[in-house]
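>>> Sequence first, then the predicted structure:
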Amino acid sequence: MSFLRISRENFFYNLNQIARKTQSIDRVALVLKDNAYGHGLTLMADLAAEAGVRHAVVRTLAEAEAVRGRFETVLVLSEIPEKVPENGVRVVVNDRSCIAAMPAGCEVELKVDTGMHRSGVALDEVDRALEAIAKRGLALKGVLTHYRGADEMGSDYFWQRRRFEALRDRLERAGLKGVRWHSHNSAALFRCGSFEEDVARVGIAAYGCLRLPEPFEAPDLRPVASLWAKRLSTRRLCAGARVGYGGEGELKEAGTVSTYDIGYGDGWLRGEARRPYRLPDGREILGRVSMDMFSLRGEDEKVCLFHDAGEAAAQFGTIAYEVLVRLSPHIRRVAE
């Protein structure tokens, strides 16, 4: 069956590069949401814990449950619990209205909207949110924000960062102590001159697929995942034969064609037969990708669809995130 090969060496290398920037592995909060960006939630959690990562970030309580016990803190981004989570699990307050739904005693981190306008409490509502958190009996453990354009040209990163720092200065002068402050994602971390926050929420950089515009100094990172498919069948076809649905894969010359066991049912992008996807070895997929398979010239027992999800994404006109997170959890993940 098809499989996703996970490079332990590359993952540990990337974490080392990130830790050099944060000045300590203790200040790395690894983002494991959405099946660890498609790499496999528990597999990557195990590898991260082995590397000394102490903090994790997930999307749901179910993800937190799957990785709990490996990390000192696990931050849940997008769900409100019905009862108080255990084992260092914290929950993000994304809006003032959700505070009343939180169970008393729950550990929370307040998200502040510094300009992305997607989620978080408005800057002029922070004081009221803090009062509501205290009144509800919640344990405030952190304050965070998110940048809307740290990986793009422009000044967005800088003015959002200034707003967040000004808020921190004001609240600390007012007596707020004992909470962690964090705003930097992968792109922001490698754009800042020196990192001075408590943790950095690092996702795509750890998986080796961070892309920054040319003027920025991109870090030396290595892709962690490569996608492989295994052969299902092989046949010899004459020149002019047409392969797949609609007969869109026409052979200009006679040759051997094999079919492999991955398709859009497994999360691989279907693309267009008129602009066929090119594998790292230079061969092009023949015709349409099917739900569970695709065809290719040759008779290799297994073939690699990508060594770098970013390069694959470029062919589809998308980003590495989409290529990776679409991959079905049923695809076997193998750490080597």
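Done, it's in. None of these values were measured; they are calculated from a predicted model. Numbering: from 1, shown residues only.
>>> any idea how far the lengthiest helix in the chain is from the chain center?
Among the segments of the chain that qualify as a helix by DSSP state H, the longest is helix 156-173. In this view, helix 156-173 has its centroid 26 Å away from the chain centroid, taken as C-alpha atoms, centre = their mean, to the nearest Å.
>>> now stretch 231-246
Centre-to-centre, stretch 231-246 and its host chain are 37 Å apart (C-alpha atoms, centre = their mean).
>>> again, but for stretch 215-224
What separates the centre of stretch 215-224 from the centre of its chain is 16 Å, taken as C-alpha atoms, centre = their mean.
>>> Check stretch 169-187 too.
The gap between where stretch 169-187 is centred and where its chain is centred comes out at 24 Å by C-alpha atoms, centre = their mean.
>>> picking that back up, which strands or helices does the longest helix of the chain pack on?
With contacts defined as 3 or more C-beta pairs under 8 Å, 6 or more residues apart in numbering; DSSP states H and E, the packing partners of helix 156-173 are helix 126-136, strand 139-144, helix 186-191. For every residue, glycine as well, the C-beta is placed using N, CA and C.
>>> and of these, who's closest to residue 158?
helix 186-191 (9.2 Å; C-beta to C-beta).
>>> Quick one: list the elements packing against the closest one.
Short answer (3+ C-beta pairs under 8 Å, 6+ apart): helix 186-191 packs on helix 8-22, helix 156-173, strand 200-202.
>>> Show me the one of the helices and strands packed on helix 156-173 that comes nearest residue 58.
The closest approach between residue 58 and any of these, judged by C-beta to C-beta, belongs to strand 139-144 at 14.3 Å.
>>> Now do that closest one against helix 156-173, angle only.
Here the directions of strand 139-144 and helix 156-173 differ by 150 degrees (axes from the mean of the first three to the mean of the last three C-alpha atoms, to 10 degrees).
>>> buried ones in strand 139-144?
140, 141, 142, 143, 144 (16 or more other C-beta atoms under 10 Å).
>>> measure the residue nearest to residue 96 when sequence neighbours are not counted to residue 102 for me?
Excluding the flanking residues, the one nearest residue 96 by C-beta to C-beta, 6 or more residues apart in numbering is residue 129, at 5.1 Å. Counting by C-beta to C-beta, to the nearest Å, the separation of residue 129 from residue 102 is 12 Å.
>>> All set now, cheers.
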